[in-house]
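J.: could you work out the structure for the sequence below:
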Amino acid sequence: MTEGYDVIADVYDKLNADIDYKAWADFAEKAFDRFLEKRPEIVLDLACGTGSMTVELAKRGYDMIGVDGSEQMLSVASERAYVNFGEDDEYRLPILYLLQDMRSFELYGTVGAVLCCLDSVNYLTGEGDLDKCFAAVHNYLDPDGIFLFDVNTPHKFKNIYGDNAYILEDEIEGSAVYCGWQNSFDEKTGICDFYLTLFSEGEDGKYIREEEHQRERMYSMEEIRKALEKNGFECLGAFSDYSFSEAEEKDERWYIAARAIK
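T.: Numbers count the residues shown, from 1 in each chain. Model (predicted):
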């Protein structure tokens, strides 16, 4: 069984086709306008995965850096950076992708904003991991730079994930893909294990079976706020949605904005 996103890198986007990256990017720009004097020039997409958000923001004119710990996911992201403007006019967006751990990444300089999307913060499961990540983000943010991220909420871990199972199906380039998803949540530790079994159809019509294990940790709002304050951030707000509605306990996802104090 593979740990992380190596097995599903090639099919990740198809299995998550409902994610609205443009809406997330719109929210980020609204947050820039709301909390910064001017929009940032350089933005880091931390735990960028297959680069959907990275590319979306690059198209909007930001100098983008994408950091992820999966070589396979970054391979997909690198291909996505090629944009077609016509039949024979292909251009690669100037995105810098770095294969690094989100707890200990290193950049060549500071950035004006850091985004960490799609509950990537929940993948910080070890003791002290949240502090390590937040400290690294703070280190590479400009003074008063903004940190935007989202997390799966305790409500989602307890009531949506739990010990439930899900089935995801899709078709990629004419080949069927089937993903069985089994959860195992320990409320005492706050750890939820995800066991994925992926069946993908080969050219000969036979199916290839691969298995993967992922793990997330549940964080309370108090834990997040304390970690931000400890590592030099001012929490600017926690929101339920892209309209900046105040976060509530029954939300499935929280969107959090913080400012680097230096």
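J.: may I see the buried residues of stretch 188-204?
T.: Residues 190, 192-194, 196, 198, 200-201 are the ones in stretch 188-204 that count as buried (16 or more other CB atoms under 10 Å). C-beta here means a position set from N, CA and C on the backbone, and glycine is covered the same way.
J.: please apply the same query to stretch 72-83.
T.: Neighbour-count burial for stretch 72-83 flags 72-77, 80-81 (criterion: 16+ other CB under 10 Å).
J.: can you check stretch 97-104 too?
T.: For stretch 97-104, by 16+ other CB under 10 Å, it's 97-98, 100, 102-103.
J.: mean confidence for stretch 212-229?
T.: Mean pLDDT, computed over stretch 212-229, is 96.
J.: endpoint to endpoint, that stretch covers what distance?
T.: 35 Å (CA to CA, to the nearest Å).
J.: returning to what we had before: now secondary structure and distance to residue 238 too, for the buried residues of stretch 188-204, in CSV please.
T.: Listed next are these as CSV, based on DSSP: H, G, I helix; E, B strand; the rest coil; distance: CB to CB, whole Å:
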residue, secondary structure, distance to residue 238
190, coil, 18
192, strand, 21
193, strand, 26
194, strand, 25
196, strand, 30
198, strand, 34
200, strand, 38
201, strand, 43
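J.: mind checking pLDDT for residue 73?
T.: pLDDT, read off for residue 73, is 88.
J.: thought it was touching residue 50?
T.: Yes. The criterion here is CB atoms under 8 Å, and residue 73 meets it with residue 50 at 5.4 Å.
J.: what is the nearest of the buried residues of stretch 188-204 to residue 232?
T.: residue 190 (24.5 Å; CB to CB).
J.: contact partners for the closest residue to residue 191 other than its chain neighbours?
T.: Counting by CB to CB, 6 or more residues apart in numbering, residue 191 lies nearest to residue 217, which is 5.7 Å off, once chain neighbours are set aside. Contacts for residue 217 (CB atoms under 8 Å, 6 or more residues apart in numbering) come out as 122-125, 190-192.
J.: can you report phi and psi for residue 217?
T.: Taking degrees, to the nearest 10, you get phi -120, psi 140 for the backbone angles of residue 217.
J.: residue 123 versus that one, what's the distance?
T.: Residue 217 is 8 Å from residue 123, where distance means CB to CB, to the nearest Å.
J.: do residue 222 as well
T.: According to CB to CB, residue 222 stands 20 Å off from residue 123.
J.: between these two, who's got more neighbours?
T.: Using other CB atoms under 10 Å as the criterion, residue 222 and residue 123 rank with residue 123 on top: 19 against 8.
J.: test my guess that that one contacts residue 218.
T.: No. Between residue 123 and residue 218 there is no contact, the gap being 11.8 Å when judged by CB under 8 Å.
J.: show me the contacts for the closest residue in space to residue 77 that isn't next to it in sequence.
T.: Ranked by CB to CB, 6+ apart and with sequence neighbours excluded, the top spatial neighbour of residue 77 is residue 51, at 2.9 Å. With contact taken as CB under 8 Å, 6+ apart, residue 51 is in contact with 45, 66, 74, 76-78, 80-81, 95, 97.
J.: just the element for residue 73, please.
T.: In this assignment (DSSP states H and E), residue 73 forms part of helix 71-80.
J.: please apply the same query to residue 136.
T.: Going by DSSP H and E, residue 136 is part of helix 129-139.
J.: among the contacts of residue 51, which one sits closest to residue 141?
T.: Checking those one by one against residue 141 (CB to CB), the nearest turns out to be residue 45, at 13.7 Å.
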